[in-house]
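Enquirer: Sequence and predicted structure below; questions after.
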Amino acid sequence: MDERRLSKSKVWVQILPLAFDPSDITHKRRIIMKSKNPYELRFEMFREAQKRAEQKYFEDMSDYRTTYQLAQEGRNVEILPKPIYPELENVFSEAYKIKQFVENKEH
């Protein structure tokens, strides 16, 4: 695959080989997009929910470590409770909220 770098925006652009259509007389490249099946979409919602839960966990863990270190240095801070890694049921609950939002036509 050919990769080129745009100098102004500093973004990597990936040029993918596209399918050749013999009926296309000018031989231009065409963009072919594959639609996802319901299982792939559902898994994407699950992964997004998992990513959100893990991000919140790591942010809470960072806050916990900061307050713990400050307390060890003798500062007058309240140590936050140690966060618990998100359980699968919490991830499922978050995924269900995402699914409800996606299916809601009012938003």
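Expert: Now that the structure is in, tell me what you want to look at. Residues are numbered from 1 along each chain as shown.

Enquirer: quick one: low-confidence ranges for this structure?
Expert: In the predicted model, the chain carries pLDDT under 70 at residues 1-33, 107.

Enquirer: So which residues of this protein form helices?
Expert: 38-72, 88-103 (DSSP state H).

Enquirer: so which of those gets nearest Pro81?
Expert: Across the helices of the chain, Pro81 has its closest neighbour in helix 38-72 (7.5 Å, C-beta to C-beta). (Each C-beta comes from the backbone N, C-alpha and C, glycine too.)

Enquirer: That closest one - contacts with which helices or strands?
Expert: helix 88-103 (3 or more C-beta pairs under 8 Å, 6 or more residues apart in numbering; DSSP states H and E).

Enquirer: quick one: the helix it packs on to helix 38-72, angle?
Expert: Angle of helix 88-103 versus helix 38-72, following axes from the mean of the first three to the mean of the last three C-alpha atoms, to 10 degrees, is 130 degrees.

Enquirer: Dump helix 88-103 to CSV, keeping only the CA atoms.
Expert: The C-alpha trace of helix 88-103 is given here as CSV (Å, rounded to 0.1, in the frame of the first residue of the first chain):
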residue,chain,number,x,y,z
LEU,A,88,-18.8,-7.2,31.9
GLU,A,89,-22.4,-6.4,33.0
ASN,A,90,-21.4,-2.7,33.2
VAL,A,91,-20.1,-2.9,29.6
PHE,A,92,-23.3,-4.6,28.4
SER,A,93,-25.3,-1.9,30.1
GLU,A,94,-23.3,0.9,28.4
ALA,A,95,-23.6,-0.9,25.0
TYR,A,96,-27.4,-1.1,25.5
LYS,A,97,-27.5,2.6,26.1
ILE,A,98,-25.5,3.2,22.9
LYS,A,99,-27.9,0.9,21.0
GLN,A,100,-31.0,2.7,22.3
PHE,A,101,-29.5,6.0,21.2
VAL,A,102,-28.7,4.7,17.8
GLU,A,103,-32.2,3.3,17.3
